[in-house]
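Undergrad: pasting the structure only:
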């Protein structure tokens, strides 16, 4: 992160399961550089549940996954207000074989799980 002005750039962390860990490392890098966490910007694709549904991958069981997602959203909301906490990723549902209606239903379900359980 040397030479990157974290308070002047935005970063897209499109990496679902490890998003919480990557976000923590990003916050630590900002802290070490003396950049207030209220000044870091970007987006986190923080949706492990999408991985279960569309990618058939499994990092953590669903309950701990929801806890990590919710904790990340809460921390971001309280501390890192310039950072978007969720990036919709619907294409994977369609690529996994869902219909357009199923794609929308899965997306809305995952969004509710991520956004409203904090």
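TA: Looks like it arrived, so ask away. Source: prediction; values computed, not measured.
Undergrad: Which residue is the nearest non-sequential neighbour of the residue positioned nearest the centre of the chain?
TA: To find the centre residue of the chain, average its C-alpha atoms and take the closest one (C-alpha atoms, centre = their mean): that gives residue 46, at 1.9 Å. Closest residue to residue 46 in three dimensions, ignoring its sequence neighbours and counting by C-beta to C-beta, 6 or more residues apart in numbering: residue 19, at 4.4 Å. Just so you know, the C-beta spots here come from the backbone N, C-alpha and C atoms, and that holds for glycine as well.
Undergrad: circling back: the residue nearest to the centre of the chain: what secondary structure?
TA: Under the three-state scheme (DSSP: H, G, I helix; E, B strand; the rest coil), residue 46 adopts coil.
Undergrad: before we move on, what about residue 59?
TA: Reduced to three states with three-state DSSP, the structure at residue 59 is coil.
Undergrad: give the contact list for it.
TA: 17-18, 48, 51, 65 (C-beta atoms under 8 Å, 6 or more residues apart in numbering).
Undergrad: How much space separates it from residue 67?
TA: Residue 59 is 13 Å from residue 67, where distance means C-beta to C-beta, to the nearest Å.
Undergrad: cool, residue 83 as well?
TA: Summarising the geometry, the distance separating residue 83 from residue 67, computed by C-beta to C-beta, is 20 Å.
Undergrad: And these two? Which one has more around it.
TA: Summary of the neighbour comparison: residue 83 and residue 67, criterion other C-beta atoms under 10 Å, with residue 83 having more neighbours (23 against 13).
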